[in-house]
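Sharing a sequence plus its predicted fold:
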Amino acid sequence: MNSEQILSTFTSFYRERGHRPVTGSTLLPPPGDPVLFTTSGMHPLTPYLEGTRPHPLGGRLTNVQRCLRTTDLDEVGDGTHLTVFEMLGSWSLGDYSHSQSLRWGYELLTDGYGFDPGRLYVTVFGGDERLGPDTSSLRTWQELGVPVELTRDENWWSNGPTGPCGPDSEIFVWTGDGPPVSTPTGDERWVEIWNHVLMGYRRHEDGSLTPLPRPSVDTGMGLERLVPLLQGKRSVYDSDLFEPWMRLVPGVWGLSGEEPRRIVSDHLRSSIVVIGDGVLPSNTGRGYVLRRLVRRLLTVLWREDPSRTLGDLPRELVEHTRQHFRQEDGEVDVRGVLLDEERRFRGLLTRGRSVLSRPRFSGRSLTPEDFLYLHDTHGLPRELVEGLLDESLVS
């Protein structure tokens, strides 16, 4: 299957089982939400998962939600981490049981996607000092013939120190070359592919739990993790999601090394999506996240050759990204935004080099007061100053 067929299989499966598609997959959270970007498929549905009000589309929902996370930004460049990604989700808002969700999940993975049942393993909440083990999920998986590993904290899901929470069941796929061995917590070749959460409790500030009046089920499966598994690829960058990027980026900028190519591809792809959702570079909030992405990828580009420019970004990559993320209105000048930010960054680097060459800063390590002065007086963020002090960037 290509990635679009994988998406279609998921959405069709749940629509056939009465799930209504939730529209609006923008990266921007609902008004009044304090977070900068949507970080998971369930994020926009939190009020409904708490059971405080019914969803206008009913109790069975499904969605493909694009998400952005910066917590793993420094990990981007390996084979799995991305800044912008998509979550495939299904929800039962007080409708069917957690056991039914697990059965449908198993059916989709084995019949819909063709995963070998013998290469699946699951983990289930084994209980702690507050609650006993999740015997319902354990019994369901045993009936389906899937091996189970009981854990403690690994299978308790929460959205923060307070709020909705509950036991979850995580489905793993064996990615090793030989027959499956060990368990998900014992061998990293077991890769988590799907999480089914029973949202059954509310945790209070004192840590106590009270049952929710209408338990819900929340599932989330990362598309960028699913696709390479189904396509037999070792990395998401080897799948068709990144095929044009890996084909064109090395030739355009002559980047040497797998990690720089991945960082530039991920950050450019993510920047295109963020701009497409209406965000522009700035010094605060969402705009600062975008600015960090652009400046980080430019730092990688210029490390080997300062003459490289985003003006060489192939239009095919912009169009491929916007089409995949369903941003087809064409109203935003993505290339113009990127080039304007590149000009700003070049100017800032020039000013920064000039300031740091002054006798005041030469021949010594900078103090916290120096960084504060450079930021407040010259508009030079600490991370940029530290980069300028790296000879590989300023040479």
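Done, it's in.

Run the chain-centre distance for stretch 63-82.
The chain centre lies 4 Å from the centre of stretch 63-82; the measure is Cα atoms, centre = their mean, to the nearest Å.

For that stretch, measure first residue to last.
For stretch 63-82, the first-to-last residue distance is 20 Å (Cα to Cα, to the nearest Å).

And it, what's buried?
Residues of stretch 63-82 classed as buried: 63-68, 73, 76-77, 80-82 (neighbour count, 16 or more other Cβ atoms under 10 Å). No exception for glycine: its C-beta is placed from N, CA and C like everyone else's.

closest to Ile263 among those?
Gly77 (4.8 Å; Cβ to Cβ).

tell me the SS of the closest one?
Three-state call for Gly77 (DSSP: H, G, I helix; E, B strand; the rest coil): coil.

Let me know the secondary structure of Pro29.
Strictly by three-state DSSP, Pro29 counts as coil.

With just CA atoms, put stretch 4-14 into PDB.
Only the C-alpha atoms of stretch 4-14 are listed here, as PDB (Å, rounded to 0.1, in the frame of the first residue of the first chain):
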ATOM      1  CA  GLU A   4      -2.800   7.400   0.600                       C
ATOM      2  CA  GLN A   5      -4.200   3.800   0.400                       C
ATOM      3  CA  ILE A   6      -3.200   3.300   4.100                       C
ATOM      4  CA  LEU A   7      -5.100   6.400   5.000                       C
ATOM      5  CA  SER A   8      -8.100   5.400   3.000                       C
ATOM      6  CA  THR A   9      -8.100   1.900   4.600                       C
ATOM      7  CA  PHE A  10      -8.200   3.400   8.100                       C
ATOM      8  CA  THR A  11     -10.900   6.000   7.500                       C
ATOM      9  CA  SER A  12     -13.100   3.600   5.500                       C
ATOM     10  CA  PHE A  13     -12.800   0.900   8.200                       C
ATOM     11  CA  TYR A  14     -14.200   3.200  10.900                       C
END
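
so where do the helices sit in the protein?
In the chain, helices defined by DSSP state H lie at 3-15, 46-49, 98-107, 135-144, 223-230, 243-253, 258-276, 285-304, 315-324, 334-356, 368-378, 382-388, 391-394, listed in chain order.

now stretch 45-55, how far from the centre of its chain.
23 Å.

What residues sit buried inside that stretch?
Quick answer for stretch 45-55 (16+ other Cβ under 10 Å): 45-46, 48-51, 55.

What residues sit buried inside stretch 99-110?
The neighbour-count check on stretch 99-110 (16+ other Cβ under 10 Å) flags 99, 101-106, 108-109 as buried.

Need the contact partners of it.
Defining contact as Cβ atoms under 8 Å, 6 or more residues apart in numbering, one finds that stretch 99-110 is touched by 9-10, 13-14, 17, 90, 92, 115-117, 120, 136-137, 139-141, 144, 146, 169, 171, 193-194, 196, 217, 219.

Filter those down to the buried ones.
Neighbour counting with 16+ other Cβ under 10 Å marks 10, 13-14, 90, 92, 115, 120, 136-137, 140-141, 144, 146, 169, 171, 193-194, 196, 217, 219 as buried within the contacts of stretch 99-110.

Might you list the low-confidence residue ranges for the chain?
For the chain, applying pLDDT under 70 flags the ranges 23-24, 329-331, 391-395.

And the residue nearest to the spatial centre of it, how close does it get to Glu342?
By Cα atoms, centre = their mean, the chain has its centre lying nearest to Phe85, at 4.4 Å. Separation of Phe85 from Glu342 (Cβ to Cβ, to the nearest Å): 25 Å.

can you check Leu45 too?
38 Å.

Equivalent analysis for Gly77, please.
Distance of Gly77 to Glu342, computed by Cβ to Cβ: 21 Å.

what sits against Pro164?
Counted by Cβ under 8 Å, 6+ apart, Pro164 has contacts 46, 49-50, 158, 199, 201-203, 212.

same thing with Asp305?
Going by Cβ under 8 Å, 6+ apart, Asp305 touches 253-254.

Would you mind measuring from it to Pro260?
From Asp305 to Pro260 the distance is 11 Å (Cβ to Cβ).

And for Thr83?
Taking Cβ to Cβ, one finds Thr83 at 15 Å from Pro260.
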